[in-house]
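# I need the structure of the sequence given here:
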Amino acid sequence: MNLLQLTANASSPPGFTAWIILGFIFLLLGLTVGEPTAASLGIAAIITAIAALSVSSVALQIVLWGVLSIALTVLLRGMVPTATRNGQPDTQATVSEAIPKGGIGWVSYEGGLWKARCQISDITIKSGQTVHVVGRQGLTLIVLPMDFPEEEEEYDTVS
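The predicted model follows:
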């Protein structure tokens, strides 16, 4: 017996048809709005509909739906990347391995280590400095130092 035959059958278990309809409504809402909470309510309703085939107590079905909804919401929320407080990505990183002039070093950015190079190719950025992330090329961050070093004498003076 397939799902359509079961929902059309007048002898289907109590609540089965309602749970299926509710599940698909929540799934469509979750897809339309892009909110994982609505999708988790839909998935929980469909699982509850399947459980309704063997559990005839509507009160028990509601409890099952509630527990599944909470568990799936927590699970799906953990899979969605979170934005920073203002909705913008973090723009600061800390240099872990010095970035040589025109070369690539490593920075700690948003909890991970990233390759990084300075946007200005004739500046060396020392380990421990804070840098501003201005872009990304592939898996390499493009950074600028927060404070530029004083210009060093490139030429020795002859006495």
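# check contacts around the spatially closest residue to V58 that is not a sequence neighbour.
Nearest residue to V58, sequence neighbours excluded (CB to CB, 6 or more residues apart in numbering): G15, at 5.3 Å. For glycine as for every other residue, the C-beta is placed from the backbone atoms N, C-alpha and C. For G15, the contact set (CB atoms under 8 Å, 6 or more residues apart in numbering) comprises 48-49, 52, 58, 61.
# residue boundaries of the helices in this protein?
3-8, 16-33, 36-52, 58-79 (DSSP state H).
# most packed of those?
helix 36-52 (a mean of 21; mean count of other CB atoms under 10 Å).
# What is the distance between it and the centre of its chain?
22 Å (CA atoms, centre = their mean, to the nearest Å).
# That one versus helix 58-79: what angle between them?
On the basis of axes from the mean of the first three to the mean of the last three CA atoms, to 10 degrees, helix 36-52 is oriented at 140 degrees to helix 58-79.
# could you give the angle of helix 36-52 to helix 16-33?
160 degrees.
# same for helix 36-52, what does it pack against?
helix 16-33, helix 58-79 (3 or more CB pairs under 8 Å, 6 or more residues apart in numbering; DSSP states H and E).
# Just the CA atoms of it, as PDB, please.
Output of helix 36-52 as PDB, limited to C-alpha atoms (Å, rounded to 0.1, in the frame of the first residue of the first chain):
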ATOM      1  CA  PRO A  36      15.700  25.100   9.200                       C
ATOM      2  CA  THR A  37      13.300  25.300  12.100                       C
ATOM      3  CA  ALA A  38      10.200  25.000   9.900                       C
ATOM      4  CA  ALA A  39      11.800  22.100   8.000                       C
ATOM      5  CA  SER A  40      12.500  20.300  11.200                       C
ATOM      6  CA  LEU A  41       8.900  20.600  12.300                       C
ATOM      7  CA  GLY A  42       7.900  19.100   8.900                       C
ATOM      8  CA  ILE A  43      10.300  16.200   9.200                       C
ATOM      9  CA  ALA A  44       9.100  15.600  12.700                       C
ATOM     10  CA  ALA A  45       5.500  15.500  11.500                       C
ATOM     11  CA  ILE A  46       6.200  13.000   8.800                       C
ATOM     12  CA  ILE A  47       8.100  10.800  11.200                       C
ATOM     13  CA  THR A  48       5.100  11.100  13.600                       C
ATOM     14  CA  ALA A  49       2.800  10.100  10.700                       C
ATOM     15  CA  ILE A  50       4.800   7.000  10.200                       C
ATOM     16  CA  ALA A  51       4.600   6.300  14.000                       C
ATOM     17  CA  ALA A  52       0.800   6.900  13.900                       C
END
